[in-house]
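K.L.:
My questions concern the predicted model and sequence given below.
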Amino acid sequence: VAMETVSLEHQIQSVQRHIAFLKKEQMELLHDLHLEILRLQKHCSELTHDLEMKELEARQQDVLDRELEEKCRVMEAQLQEKEKDNLELRKELQHKETLVAALRSSLRSKERRFLEELKRRSHRVTILDTELQKQTEAAAY
């Protein structure tokens, strides 16, 4: 019975050592798991922060895009207005060019008449001058 008791005591001690070893292994495993959980939580927080920043940037970009689209619409409307004004100015310029051409033609015609009248009067002055000279010579003779 004593031998069985010693054998049982050895078995109990062996089981206790195994239990202690398993407890130690379990504690190390739990500690490592806890560290891994903390690392994953930190990584998750970083990813969440990155995602929130990207969403914020995306919202800001959307706002900028909408503002740029609105500015483009305003600029396109202004461009159309300027093109319309430009077309009206071209029509007005074309009308004024037509008037200038008509005035030039009228001026050339008046200039021709004036030169003809001047030629005629010059000829008349020459004739009168010649007659006056003849009369002066006849009177002096």
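P.N.:
Yep, it's here.
K.L.:
And residue 43, how close does it get to residue 36?
P.N.:
Separation of residue 43 from residue 36 (Cβ to Cβ, to the nearest Å) stands at 10 Å. The way it works is simple: take the backbone N, C-alpha and C, and place the C-beta from them, glycine included.
K.L.:
Also residue 69?
P.N.:
Between residue 69 and residue 36 the computed distance is 48 Å (Cβ to Cβ).
K.L.:
same thing with residue 72?
P.N.:
Taken as Cβ to Cβ, the spacing of residue 72 relative to residue 36 amounts to 52 Å.
K.L.:
likewise residue 49?
P.N.:
Applying Cβ to Cβ, the value for residue 49 to residue 36 is 20 Å.
K.L.:
repeat for residue 104
P.N.:
With the distance defined as Cβ to Cβ, residue 104 ends up 96 Å from residue 36.
K.L.:
do residue 127 as well
P.N.:
130 Å.
K.L.:
same thing with residue 94?
P.N.:
According to Cβ to Cβ, residue 94 and residue 36 sit 83 Å apart.
K.L.:
do the same with residue 63
P.N.:
Residue 63 is 40 Å from residue 36, where distance means Cβ to Cβ.
K.L.:
Please apply the same query to residue 93.
P.N.:
The value you get for residue 93 to residue 36, if Cβ to Cβ is used, is 81 Å.
K.L.:
which residues in this structure form helices?
P.N.:
Counting by DSSP state H, the chain forms helices over residues 2-140, given from the N-terminal end onward.
K.L.:
What is the burial count for residue 25?
P.N.:
A total of 10 residues lie near residue 25 under the criterion other Cβ atoms under 10 Å.
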